[in-house]
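Q: Sequence unavailable; structure follows:
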């Protein structure tokens with residue numbers, strides 16, 4: 001039986017609208033695949049993502065540190081075959097709970 005490492009990542013967005021957007025873009029999909037295909041670019045505190053449907057969306061963060069934190073999180077999630085288990089937000093904070101298989 002596979003063991004999982006449970007993790008939580010938190011991001012401070014510009015406002016509650018951006019936090020809600022981030023949590024919905026990274027929400028758990030029925031097939032456990034990510035809806036986000038790639039991070040296209042980071043411009044100061046803005047992250048542009050491309051979704052599996054080909055559309056692009058931007059997420060505005062409080063600062064560049066949080067934008068870079070999302071990029072690092074996404075790369076780590078992909079490299080370690082992570083699976084999103086839950087997302088949420090409260091005010092300007094977005095939360096992503098994810099599982100990573102342990103070898």
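A: Noted; the coordinates are in hand. Predicted model only: the values in this text are computed from it and were never measured. Numbers count the residues shown, from 1 in each chain.
Q: ranges for the strands of the chain?
A: Assigned by DSSP state E, the strands in the chain fall at 3-12, 36-43, 46-51, 56-60, 83-90, 93-102.
Q: can I get those strands in JSON lines with mean pLDDT?
A: Shown next, in JSON lines, are the strands of the chain (pLDDT from 0 to 100):
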{"stretch": "strand 3-12", "mean pLDDT": "85"}
{"stretch": "strand 36-43", "mean pLDDT": "95"}
{"stretch": "strand 46-51", "mean pLDDT": "97"}
{"stretch": "strand 56-60", "mean pLDDT": "97"}
{"stretch": "strand 83-90", "mean pLDDT": "94"}
{"stretch": "strand 93-102", "mean pLDDT": "88"}
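Q: My guess is residue 59 contacts residue 66. True?
A: No. Residue 59 sits out of contact with residue 66 when judged by CB atoms under 8 Å, with a separation of 9.5 Å. For the C-beta atoms, the positions are set from N, CA and C on the backbone; glycine is no exception.
Q: got any residues that touch both of these two?
A: residue 13 (CB atoms under 8 Å, 6 or more residues apart in numbering).
Q: what's the closest of the strands of the chain to residue 77?
A: strand 93-102 (6.2 Å; CB to CB).
Q: quick revisit: I'd like the strands of the chain written out as TSV, with mean neighbour count and distance to residue 28 added.
A: Shown next, in TSV, are the strands of the chain (neighbours: other CB atoms under 10 Å; distance: least, CB to CB, whole Å):
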stretch	mean neighbour count	distance to residue 28
strand 3-12	14	14
strand 36-43	14	12
strand 46-51	18	15
strand 56-60	16	18
strand 83-90	16	5
strand 93-102	18	9
